[in-house]
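Q: Fold the stuff below for me.
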Amino acid sequence: MTHAKMGNRVKVHYKGSLDDGRVFESSLGCDPLEFTIGGGQVISGFEEAVIGMSQGEKKTTKITADKAYGPYFQEMVVAFERTELPNTLRPEVGQVLQFRRSDGYRIQVAVAEVSETSVTFDGNHPLAGKDLTFEIELIEIE
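A: Numbering: from 1, shown residues only. You can find the predicted model right below:
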């Protein structure tokens, strides 16, 4: 029986949930996720969970934040006065925006808070600082 290892191209179905049971992402009902183990296309904890699985095998694994989207950094939460923002911006909490830094690098942020005088943006990944549980089924190993 073949087991998934570094360099293999694999197809998996998965369901990702948070500690409170909320599902944040799933491939069920869609095409399976296809990636190369070791290719950096998925979070490291997910790759590690797939290594050693055989075709048709199912497993549930908990991935800690450090092997998922990393810690939550409070310094990535920044408030701006509305006078510093474009007049055309109509921010709403939860809205995802993209900004270009002075060096040209683009960053994605979520609007975390809106007041009459300021807008607070959060540059952390929405799953940063969270442990994740995945139900994984290995469909195919190439």
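
Q: quick one: G45 and A65 touch, right?
A: No - G45 is beyond contact range of A65, at 9.2 Å (criterion: Cβ atoms under 8 Å). (Glycine included, C-beta is placed from N, CA and C.)

Q: overlap in contacts of the two?
A: L132 (Cβ atoms under 8 Å, 6 or more residues apart in numbering).

Q: ok, these two, which is more surrounded?
A: More neighbours surround G45 than the other of G45 and A65, with 20 against 16 (other Cβ atoms under 10 Å).

Q: which SS state does that one fall under?
A: helix (DSSP: H, G, I helix; E, B strand; the rest coil).

Q: residues near V93, how many?
A: Using other Cβ under 10 Å, V93 has 11 neighbouring residues.

Q: That one reaches S115, doesn't it?
A: No - at 10.8 Å, V93 and S115 do not qualify as touching, with contact defined as Cβ under 8 Å.

Q: Can you list the strands that the helix or strand harbouring Q108 pairs with?
A: Assigned by DSSP states H and E, Q108 belongs to strand 106-114. Paired neighbours of strand 106-114 in the sheet (DSSP bridges): strand 96-100 (antiparallel), strand 118-122 (antiparallel).

Q: Only C-alpha atoms, please: export that strand in PDB.
A: Extracted C-alpha coordinates of strand 106-114, given in PDB (Å, rounded to 0.1, in the frame of the first residue of the first chain):
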ATOM      1  CA  ARG A 106       0.100  45.100  -1.200                       C
ATOM      2  CA  ILE A 107      -1.400  44.000   2.100                       C
ATOM      3  CA  GLN A 108      -4.900  42.700   2.800                       C
ATOM      4  CA  VAL A 109      -6.700  44.000   5.800                       C
ATOM      5  CA  ALA A 110     -10.200  43.600   7.400                       C
ATOM      6  CA  VAL A 111     -12.100  46.600   8.800                       C
ATOM      7  CA  ALA A 112     -12.400  45.800  12.500                       C
ATOM      8  CA  GLU A 113     -14.000  48.900  13.800                       C
ATOM      9  CA  VAL A 114     -15.600  52.100  12.400                       C
END
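
Q: roughly how far is that strand from the heart of the chain?
A: For strand 106-114, the separation from the chain centroid amounts to 16 Å (computed by Cα atoms, centre = their mean, to the nearest Å).
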